[in-house]
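Undergrad: Have a look; sequence and predicted model below, questions after that.
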Amino acid sequence: MADNSNHLQIEMVPHGSIHPNPQNPRRHNRKQRGQMKSSLRRFGFKGALIVDKETGMILAGNALWEAAGELGMDEVPVIRASFATEADRRAFILAHNKLADLSSFDAEIVAEELKFLFDSGYDFEVTGFTTNDLDFSIVSEPEPNEIIELPDPNARAVSRLGDLWHVGPHRILCGNSLDTVSYEALLADELADMIFSDPPYGVRINGHVSGLGKIRHREFEMMSGEQSPAELIAFFRRIFRNCVQFSRAASIHYHCIDWRHARQMQDAADGVYTEFKQLVVWDKGSGAMGAFYRSQHELILVFKSGRGRHTNNFELGQQRYRTNIWRYDGAAQFRKGRQEDLEAHPSVKSTAMVIDAIRDCSNTGDLILDPFAGSGTTAAAAHHAGRRCATVEIDPLYVDTALKRLCKVTGRPAIHADGRTFDEVAADRASEEATDV
């Protein structure tokens, strides 16, 4: 039996006066050791290591002792313990490591506590919980079969080139994503933490995306129509260079593309991106485009920009099993509201799919950049995922569409950079146009 006759007493001892247990059954990876050091930096020791009274060997707290040494701590708090038998001592070591694992967390309470810390601007990862844990508490699901309303195509758009809009923490610029000045206006001095984009494919919408149905789309404002491979490569490369320039090092960039132009996209990325990380296949569940084998998939090329450790929230141990086959219903499978959804944007992406991509390679509160806002899917997904979005769109009509969608998702009004609301800008510009007539 253990010697329980003495009261517990904490004493401060030199770090080098005690030593780790060579038979310590607990193993900690690099990430866990880093979390321990973060906790020690923030809180210091709020408990004591337990050491063998006779030998000075650490019985409980080996990893904390190691972390303290790496942080240059000269002294550590200890409680000295003695045991009647060697079996008691070994049993205590196992019990101390195992018993805590037998308990569980109350998920609702953990979610409340993490959200409180996040809302307070606190670095919650010093607790040992991660962005994935926080995501479970703040990520909201998009409405099933979300209907995206497009303004009357015969009406004038409210937005104009150069307009910068804010919807809560999100930003939308009506501008040209080929020009660096657009990103400077959109981002100011901030760099994006991740990029998700759906660039024009260089394919005419009419007769390709629209098929034989009754929906007829406007052509994209930029790069719509059959472009030569060289033109498309030059277009993609210019976009990619802007993405790299206005994002942080080691960020992950997702770019959607169809099978026809994947080669041009990859050629454009050579020499711009540091690494081609993965080719993702989006399985949309049913065929939608094309006549010679109806296309049921789209491709997403994933690149890394710059050196350093990139964010990976689905690696081993993160409780998120992810492969390079993503199965999400495409617009062709939507039933209720399908017509409205297709009318909004000719290549609308699954919001749920973009939410998961954002969760994979960014952290809560990060800034997601999209050079092609379209109908606002990336912005809506970023909001659902607890991130911020900054996006560019050259077509004023799609800017209006994305703004209205984002206002609905966030419950916040669209505010122009000059302080006016969307409705106020609309009224002012309608008055101006009436005067000009």
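TA: All right, it came through fine.
Undergrad: make it CA atoms for all contacts and neighbour counts henceforth
TA: OK.
Undergrad: need the strands for the chain, in chain order.
TA: 10-14, 49-52, 58-60, 75-81, 164-167, 170-174, 192-197, 247-257, 275-283, 297-305, 325-327, 367-370, 388-393, 414-416 (DSSP state E).
Undergrad: Adding mean pLDDT, mean neighbour count and distance to residue 234 as columns, could you present the ones you listed in CSV?
TA: Output for these, formatted as CSV (pLDDT from 0 to 100; neighbours: other CA atoms under 10 Å; distance: least, CA to CA, whole Å):
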stretch, mean pLDDT, mean neighbour count, distance to residue 234
strand 10-14, 93, 13, 63
strand 49-52, 92, 21, 61
strand 58-60, 92, 24, 60
strand 75-81, 93, 20, 60
strand 164-167, 98, 22, 27
strand 170-174, 98, 26, 22
strand 192-197, 98, 26, 17
strand 247-257, 98, 22, 15
strand 275-283, 97, 17, 18
strand 297-305, 97, 21, 17
strand 325-327, 96, 15, 29
strand 367-370, 98, 28, 19
strand 388-393, 97, 27, 19
strand 414-416, 98, 21, 33
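Undergrad: between the ones you listed, which one is nearest to residue 116?
TA: For the strands of the chain, proximity to residue 116 was assessed by CA to CA; strand 388-393 is nearest, at 18.4 Å.
Undergrad: Now do that closest one: distance to the chain's middle.
TA: Relative to the chain's own centre, strand 388-393 is displaced by 14 Å; criterion: CA atoms, centre = their mean, to the nearest Å.
Undergrad: Report the angle between that strand and strand 192-197.
TA: Put simply, strand 388-393 runs at 40 degrees to strand 192-197, going by axes from the mean of the first three to the mean of the last three CA atoms, to 10 degrees.
Undergrad: what angle separates strand 388-393 from strand 170-174?
TA: Note on geometry: by the same axes, to 10 degrees, strand 388-393 and strand 170-174 are set 10 degrees apart in direction.
Undergrad: Alpha carbons of strand 388-393, as PDB, please.
TA: Taking C-alpha atoms only, strand 388-393 is exported to PDB below (Å, rounded to 0.1, in the frame of the first residue of the first chain):
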ATOM      1  CA  ARG A 388     -14.500  35.800 -42.700                       C
ATOM      2  CA  CYS A 389     -14.600  36.200 -46.500                       C
ATOM      3  CA  ALA A 390     -13.200  38.800 -48.900                       C
ATOM      4  CA  THR A 391     -14.300  38.400 -52.500                       C
ATOM      5  CA  VAL A 392     -14.100  40.100 -55.800                       C
ATOM      6  CA  GLU A 393     -16.700  40.000 -58.600                       C
END
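Undergrad: Quick check: residue 269 touching residue 237?
TA: Yes. The pair residue 269 / residue 237 is scored as a contact, 6.3 Å apart, by CA atoms under 8 Å.
Undergrad: Select, out of the strands of the chain, the one closest to residue 95.
TA: Closest approach to residue 95 among the strands of the chain is made by strand 58-60 (10.1 Å; CA to CA).
Undergrad: buried stuff in stretch 58-72?
TA: By neighbour count, with 16 or more other CA atoms under 10 Å as the criterion, the buried positions of stretch 58-72 are 58, 59, 60, 61, 62, 63, 64, 65, 66, 67, 68, 69.
Undergrad: Going by distance to residue 321, which of those residues wins?
TA: The shortest approach to residue 321 among these belongs to residue 63, at 28.5 Å (CA to CA).
Undergrad: so who does the closest one touch?
TA: By CA atoms under 8 Å, 6 or more residues apart in numbering, the residues touching residue 63 are 28, 33, 36.
Undergrad: next one: residue 234
TA: For residue 234, the contact set (CA under 8 Å, 6+ apart) comprises residue 268.
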